[in-house]
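*Asks:* Below is the structure, and that's it, no one-letter string:
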């Protein structure tokens, strides 16, 4: 179990402290929902969690397969619903990967991404589109 302690600081800002490490994350409501957009919004953190989780689980498989993913990147585009109730409607996850791998390794890494715990925890109404961009083989 991990504890995260979150304090409301006023003006739609929160401060979260990760129990095991003491790392701090702050949030602000987005500009389109009464905030100033001065930090990640809570739903931005959801999108961030998905991308980071997918890349981390790929990293675990990469270590096991002796594949170097260092320098690989993921970009997550978050789209909210246009009509109430307000919620995340779609997450587009775009990977730019650095490793030249076989088709079998590519499949293992992509499967790992799709089975990360955050991905599996998302509500089924959230559309998740995933794009993997691998280096061109010479």
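*Replies:* Perfect, thanks for sending it. A quick note: this is a predicted structure, and the numbers were derived from the prediction, not measured.
*Asks:* Now do the lengthiest helix in the chain: which elements does it pack against?
*Replies:* Secondary structure of the chain per DSSP state H: the longest helix is helix 42-65. Applying 3 or more Cβ pairs under 8 Å, 6 or more residues apart in numbering; DSSP states H and E, we find helix 42-65 packed against strand 24-28, strand 73-80, strand 88-96, helix 103-114, helix 117-121. No exception for glycine: its C-beta is placed from N, CA and C like everyone else's.
*Asks:* can you do 7 Å?
*Replies:* If you count contacts as 3 or more Cβ pairs under 7 Å, 6 or more residues apart in numbering; DSSP states H and E, helix 42-65 packs onto strand 73-80, strand 88-96, helix 103-114, helix 117-121.
*Asks:* Note down every partner strand of the second one and its orientation.
*Replies:* Think strand 88-96. The strands beside strand 88-96 in its sheet (DSSP bridges) come out as strand 73-80 (antiparallel), strand 127-133 (parallel).
*Asks:* Can you give the contact residues for the last one?
*Replies:* Applying Cβ atoms under 7 Å, 6 or more residues apart in numbering, the external contacts of strand 127-133 come out as 89-97, 110, 113-114, 119, 122.
*Asks:* what sits against the residue lying closest to residue 42 once chain neighbours are set aside?
*Replies:* Once flanking residues are discounted, residue 42 sits nearest to residue 27: 5.5 Å by Cβ to Cβ, 6 or more residues apart in numbering. With contacts defined as Cβ under 7 Å, 6+ apart, residue 27 is in contact with 13, 14, 39, 40, 41, 42, 45.
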